[in-house]
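Engineer: Take this sequence and fold it.
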Amino acid sequence: MNGIETSLDNFTRDVLDASEMHPVLVDFWAEWCAPCLVLAPVLEKVMEELKGQLSLAGLEVDEGENMKLAGHYRVRGFPTVILFVDRQEVARFSGARSRTQVLEFINSHVDLTVPSRPAQ
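Structural biologist: Residues are numbered from 1 along each chain as shown. I've put the predicted structure just below:
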């Protein structure tokens, strides 16, 4: 993952505190979830392209107490990606998305320099 793996114990520091400095995307995912496995490399590519303008935290919901966070944020399906700014949820989406859709989602909620599509 081109970000950090967070947990119930570290969520406040990794996500809420960090979101005071820059936007944070949190990917609520599960190992058994096929769409999660499709979305993960898309999120990683987007993070590389945005070069530190926001960060990515992954939360594996089947690990330890992490499902409590999924319940707290009313996550009903996986993957669910929540965007945090200034300690607050500002937007979310569920399901696999394309690179373009993820960039559009981010850009519609925070003012970042979104790069043009690189040559394939």
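
Engineer: switch to C-alpha atoms for all contacts and neighbour counts from now on
Structural biologist: Fine.

Engineer: the strands in this protein, which residues?
Structural biologist: 4-5, 24-29, 55-60, 80-85, 88-94 (DSSP state E).

Engineer: Now do the last one, average pLDDT.
Structural biologist: Rounded to a whole number, the mean pLDDT of strand 88-94 is 98.

Engineer: which secondary structure elements does that strand contact?
Structural biologist: Other helices and strands packing on strand 88-94, by 3 or more Cα pairs under 8 Å, 6 or more residues apart in numbering; DSSP states H and E, are strand 80-85.

Engineer: Paired strands for the strand it packs on, with orientation please.
Structural biologist: According to DSSP bridges, strand 80-85 forms sheet pairs with strand 24-29 (antiparallel), strand 88-94 (antiparallel).

Engineer: returning to that earlier point: now tabulate the strands of the chain in JSON lines and tack on distance to residue 35.
Structural biologist: Putting those into JSON lines (distance: least, Cα to Cα, whole Å) gives the following:
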{"stretch": "strand 4-5", "distance to residue 35": "18"}
{"stretch": "strand 24-29", "distance to residue 35": "9"}
{"stretch": "strand 55-60", "distance to residue 35": "14"}
{"stretch": "strand 80-85", "distance to residue 35": "10"}
{"stretch": "strand 88-94", "distance to residue 35": "10"}
